[in-house]
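Trainee: everything below, folded, please.
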Amino acid sequence: MKALLKALVGFQSECPAVKKSADNPFFKSKYATLDAIQHHIQPYLTKYGLVVIQKNITNDNGLYVMTEVYEANSNESISSVFPIIVQKNTPQEYGSAVSYAKRYSLSGLLNLIIADEDDDGNASSQPTNKAVVESAPVDNNLPWLNEKSESFDKVKKALEEGKATLADVRKKFKVSKKVSELLTKTN
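Mentor: Below you'll find the model as predicted:
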């Protein structure tokens, strides 16, 4: 599992937020389409040797989408199963339900951040470092994390073991580009 977790740490630290660009007129809201998510994450998956497979499965309890993420060199994987909920038994309804299940299963398994397109300028006020989650504003009351911080080694270990993501760290600390690189660098 070590190779997969290492790849996921790299992926999650670099993959910026996916923008909501499609309109849902029924709920008067926006969402990120499956193809937008897939196109957005593909370069980061490739960079870190991650492969996603999604397939429809059936068991005694119903229909599901199974999402699997593999680390290409080690063949280590994680998976998620999400129900396909169909209200009307039509091909269009089934297609929509499958797309919905794939979006949520994929987003959840990779811990993707899906953000509104209009973020009141928060993304543009952040550093241009790719490892910074573009849609998350920096809380200036947070302490800085650096190599000499008491928590540095604990944070690095949690990232290496897959118990935390760089986004989780940024909720508790301000993190510079250099420290982000040190945290995600493997020995």
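Trainee: for Ser21, what are its contacts?
Mentor: Taking C-beta atoms under 8 Å, 6 or more residues apart in numbering as the criterion, Ser21 is in contact with 30, 32-33, 36, 117. (Each C-beta comes from the backbone N, C-alpha and C, glycine too.)
Trainee: between those residues, which is nearest Ile57?
Mentor: If you rank these by distance to Ile57 using C-beta to C-beta, Thr33 comes first, at 22.8 Å.
Trainee: the closest one: how many residues sit nearby?
Mentor: Thr33 sits with 14 neighbouring residues when counted by other C-beta atoms under 10 Å.
Trainee: one more: Ser79?
Mentor: 12.
Trainee: one more: Lys156?
Mentor: For Lys156, using other C-beta under 10 Å, the count is 20.
Trainee: what of Ala22?
Mentor: The burial count assigned to Ala22 is 13, neighbours taken as other C-beta under 10 Å.
Trainee: mind listing what the most centrally placed residue in the chain touches?
Mentor: Nearest to the mean C-alpha position of the chain, by C-alpha atoms, centre = their mean, lies Leu112 at 2.2 Å. The neighbours of Leu112, taking C-beta under 8 Å, 6+ apart as the test, are 15, 17-18, 37, 41, 106.
Trainee: out of these, which sit inside strands?
Mentor: Val18 (DSSP state E).
Trainee: which residues of this structure score low on pLDDT?
Mentor: By pLDDT under 70, the low-scoring segments of the chain are 26, 117-140, 186-187.
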